[in-house]
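[1] I would like to see how this sequence folds:
(chains A and B)
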Amino acid sequence: MPAAIEIADVSKVFRLYREKPSSLKARLLSGRTRAEDFWALKNVTFEVPQGKSVALIGHNGSGKTTLLKCIAGILRPTEGIIRQRGRIAALLELGAGFHPELTGRENVYLNAAFLGLGRKDTDKVFDDIVGFAELGDFMDTQVKFYSSGMLVRLGFAVAVHVDPDILLIDEVLAVGDEAFQARCLDRVAQFQRDGRTIVLVTHALDTVRQICDQAVMLDHGAVYKVGQPDEVVRALRLKILHKDLDYATEEGSKEIEIMGAELIRASGATEGPVHPGESLTIQVDLKANTPIDDPVVSFALHDGTNRYVFGGDTVSEQIQLGRFDGKKRVTFHLRAMPLVQGRYWVTLGVHGRDASRVYHVQDQRYSFEVQQSGERRDQVFITMDAAVEDL
Amino acid sequence: MNVTERTSEPPKLQVFRRVRELYGYREILLNLVRKELKVKYTASVLGAVWSLLNPVVFLIVFTFVVIVTGNNIKHFPVFLLSGLLAWNMFSVSLTQGARAVLDNANLVKKVYFPRELLPLAAIGVSLVDFVLQSAVLLLFMLATRYPVSLATLLLYPLSFLALLVFTTAVTFFVSALNVRYRDIQHLVNLGLLVWFWFTSIVYSGWLVQNYFVVVKGHPLFWKLYLLNPMTPIVMGFQRALYGVHVLVEAGKPAHTVLPDVSLMWVAGLLVAVLAASLILLRFTWGTFFRMSGDFAEEL
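    Predicted coordinates:
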């Protein structure tokens, strides 16, 4: 079966103007030297097989969205060819190309026409679209009066009802209320069962693992890795480890900051492999920018496929940090870890007691490698010894 | 499953391939024209009457000017409107076309379609106006039993074709350029004002010819004046509808309005304009196509 989307040696150049002058005067005065070529995509080649769901991942500015727009035909590649088989519907950011002065009804027909659905075909699915978007009372209102949530709902509803063979999704699943998100994911699952092709741009690595058959990681416009979601997500994580901390997600109000952390092995070293059964000390250095009462420090451990292994915090260990001002060091001592071979990722966090206030979380920033000796390759979390007797 | 196969566009315009693709989008083009008309007249009480009001107001104003300045042109309404309607079609296409891509930014950033549809829709909207206004002019001519000759009327389709191709060529150009250089739209407004008065729409073309050729003895300037493609186009419409270029009263020439040239000469000039416009269109379309690949990023 031919691929649904073939991307062959695609490059895209943008001219960047430092001050982005958009008037002739500014352009004439600034001369030509200020323009710079920026390669948003460089020789990207891969295929999306029919009926598969593929995720595009990478850091901000890695070219994921540009590539998606090129696939959708919204941007034209500077070099290379993109070939697709089947009707395509794209969901990019908010609102799927609505005109503010037209009513919801008119926009549905216009939008469906752009996605390749004629008037009569649109008549047939119109009620379903309205039902899915839950906008029954608003269809004759101009969309300039819609909230952003309503726009996203209507956009998604149209895109999934025009019967596309290929669905392109850019982060839109992250908006809207939870009930709507759940219904969107249901729809996506339905699409997958129908054997349709999906290309998804996302930052949510969990989503990648849950719903995609394949992932493509872009790095500065070039393909870095193509493969099983687990492998590619792992590649992304390793990239974080090596240098680019832009990959690691951080959040929090930073009233207390995690200044750094060390993973201290049994030997006292901060690097190198760990063997099953050895201990590990997670040493966290904290700094309070404002005095905080009774914060909680926690850690979590995930394996290379992002499964939660275990975790802990200062509360469950009955430790009161009290009023915290200035600097502090907290250690978690993990005794005799029965972990199997693989790389493990450490998430660290400082938050309030009820978890409603998050001061600082570093998501899977640190990692360590567990090596098993000899030929043993245990598969689940723990390692156990069996006594062997030769009778 | 109805499978449509599409390959990304090559960076260079291939005219026939593109024309085929645009033909496939004809229904959407109609949708866009309908949308533009709707947007144009939503929240206005008079709606489409506005597009008819414009030439009527022009007519009243210029009739006043012509009477006051003593430059009496016989059957002035037919003379003025036959040229003005063609001009309006050109100028409205240009001003709307310049804004077409910008005004539809949310479509351009979200959906694929050949971007040419946007300036083409602007031209379509001005064509609707043109047809409505022409219908009124036609009714007026019928009501006043204005005499038209079949021979001169043959100029009409040729003039119209030249107008359409030239308008499309210039509209593509300003439409593409205005995405990057937003002052094009202001430049267009100013340029149209100058252009309007350098075209013999309100005043008699014969006066210009007479002034340069007879009074000043510089036929070269008359030829330069004719280099403006809108002059032959407007002249074609005037000759087709207004017809007679030398009014004869009591058996002798009394009053000349249109340039004193033969019908075949006008036709030849129009063919030249049409050919030049086609070449121009090829270039401006190429520019539009090349730039349209990045529209989504520049908005």
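
[2] could you use CA atoms for every contact and neighbour count after this?
    Will do.

[3] got the phi and psi for residue 192?
    Looking at chain A here, since you left the chain open. phi -70, psi -40 (degrees, to the nearest 10).

[4] tell me if I'm right that it and A:Gly51 touch.
    Yes. Distance between A:Gln192 and A:Gly51: 6.8 Å, which falls inside the contact criterion (C-alpha atoms under 8 Å).

[5] what sits up against the helix or strand hosting A:Ala113?
    Remark: A:Ala113 resides in helix A:104-114, with elements defined by DSSP states H and E. Under the criterion C-alpha atoms under 8 Å, 6 or more residues apart in numbering or on different chains, residues A:96-99, A:118-119, A:122, A:138-143, A:158-159, A:162, B:28, B:31-32, B:111-113 lie in contact with helix A:104-114.

[6] mean confidence for it?
    When pLDDT is averaged over helix A:104-114, the result is 88.

[7] buried stuff in it?
    By neighbour count, with 16 or more other C-alpha atoms under 10 Å in any protein chain shown as the criterion, the buried positions of helix A:104-114 are A:Gly104, A:Arg105, A:Glu106, A:Asn107, A:Val108, A:Tyr109, A:Leu110, A:Asn111, A:Ala112, A:Ala113, A:Phe114.

[8] doesn't A:Gln283 make contact with A:Lys328?
    No. Look at A:Lys328 against A:Gln283 with C-alpha under 8 Å: they stay out of range, at 10.6 Å.

[9] around chain A, which positions in the stretch 101-250 of chain B sit nearby?
    By C-alpha under 8 Å from any C-alpha of the partner chain, the residues of the stretch 101-250 of chain B that approach chain A are B:104, B:106-113, B:180-184.

[10] which of the residues you listed fall within strands?
    Assignment to strands by DSSP state E places none of those there.

[11] now the residues you listed as a markdown table including distance to A:Leu238?
    Shown next, in a markdown table, are these (distance: C-alpha to C-alpha, whole Å):
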| residue | distance to A:Leu238 |
| --- | --- |
| B:Asn104 | 43 |
| B:Asn106 | 38 |
| B:Leu107 | 39 |
| B:Val108 | 38 |
| B:Lys109 | 34 |
| B:Lys110 | 34 |
| B:Val111 | 36 |
| B:Tyr112 | 36 |
| B:Phe113 | 40 |
| B:Arg180 | 41 |
| B:Tyr181 | 44 |
| B:Arg182 | 45 |
| B:Asp183 | 49 |
| B:Ile184 | 50 |
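
[12] which residues does the closest residue to A:Gly80 other than its chain neighbours bridge with?
    Leaving out its chain neighbours, the residue that sits closest to A:Gly80 by C-alpha to C-alpha, 6 or more residues apart in numbering or on different chains is A:Val10, at 4.1 Å. Beta-bridge partners recorded for A:Val10 (DSSP bridges): A:Val44.

[13] with A:Val330 instead?
    A:Val284.

[14] correct me, but it touches A:Pro295?
    No. Assessed by C-alpha under 8 Å, A:Val330 is found out of contact with A:Pro295, at 11.8 Å.

[15] who's in contact with A:Gln50?
    Counting by C-alpha under 8 Å, 6+ apart, A:Gln50 has contacts A:Met1, A:Pro2, A:Ala3, A:Ala4, A:Ile5, A:Gly195, A:Arg196, A:Thr197.

[16] can you pull the phi/psi pair for it?
    phi -60, psi 140.

[17] confidence score at A:Gly311?
    84.

[18] equivalent analysis for B:Val273, please.
    Confidence for B:Val273, expressed as pLDDT, is 97.

[19] do the same with the one 5 residues further on
    B:Leu278 is assigned a pLDDT of 97 by the prediction.

[20] chain center to the helix or strand where it lies, what's the gap?
    Taking DSSP H and E as the definition, one finds B:Leu278 inside helix B:263-292. In terms of C-alpha atoms, centre = their mean, to the nearest Å, the centre of helix B:263-292 is found 13 Å from the chain centre.

[21] that helix: which residues count as buried?
    By neighbour count with 16+ other C-alpha under 10 Å, helix B:263-292 contains the buried residues B:263, B:266-267, B:269-271, B:273-274, B:277-278, B:280-281, B:283-292.

[22] stretch A:333-344 now?
    Within stretch A:333-344, the residues scored as buried using 16+ other C-alpha under 10 Å are A:Met337, A:Leu339, A:Val340, A:Gln341, A:Gly342, A:Arg343, A:Tyr344.

[23] hang on, the third one packs against A:Val274?
    No. Under the criterion of C-alpha under 8 Å, A:Val340 lies out of contact with A:Val274, with a separation of 10.2 Å.

[24] overlap in contacts of the two?
    A:Val370, A:Gln371.

[25] now the helices for chain B?
    Secondary structure of chain B (DSSP state H): helices at B:15-24, B:26-41, B:49-68, B:76-103, B:105-108, B:117-143, B:150-153, B:155-180, B:184-197, B:205-209, B:219-226, B:230-241, B:263-292, B:295-298.

[26] orientation of the second one relative to helix B:15-24 in degrees?
    Angle of helix B:26-41 versus helix B:15-24, following axes from the mean of the first three to the mean of the last three C-alpha atoms, to 10 degrees, is 60 degrees.

[27] what are the ranges of the strands in the stretch 151-300 of chain A?
    Using DSSP state E, counting those that start in this stretch, the strands of the stretch 151-300 of chain A run over A:166-170, A:197-201, A:214-219, A:222-227, A:250-251, A:256-265, A:280-293, A:296-302.

[28] and these: which comes nearest B:Phe76?
    Among the strands of the stretch 151-300 of chain A, strand A:166-170 comes nearest to B:Phe76, with 59.6 Å by C-alpha to C-alpha.

[29] okay, the angle between that closest one and strand A:197-201?
    Counting by the same axes, to 10 degrees, strand A:166-170 lies at 10 degrees to strand A:197-201.

[30] give the partner strands of strand A:166-170 in its sheet and their orientations.
    Sheet partners assigned to strand A:166-170 using DSSP bridges are listed as strand A:88-92 (parallel), strand A:197-201 (parallel).

[31] compare these and say which comes out lowest on pLDDT.
    By mean pLDDT, the lowest-scoring of the strands paired with strand A:166-170 turns out to be strand A:88-92, with a mean of 82.

[32] need the contact list for A:Gly51.
    Residues near A:Gly51 by C-alpha under 8 Å, 6+ apart: A:Ala4, A:Gln192, A:Asp194, A:Gly195, A:Arg196, A:Thr197, A:Ile198.

[33] if you rank the residues you listed by neighbours, which is first?
    With neighbours taken as other C-alpha atoms under 10 Å in any protein chain shown, the top of the contacts of A:Gly51 is A:Ile198, carrying 29 neighbours.

[34] quick check: beta-bridge partners of that residue?
    Going by DSSP bridges, A:Ile198 forms beta bridges with A:Ser53, A:Leu167.

[35] just checking, it touches A:Leu168?
    Yes. The criterion here is C-alpha under 8 Å, and A:Ile198 meets it with A:Leu168 at 5.9 Å.
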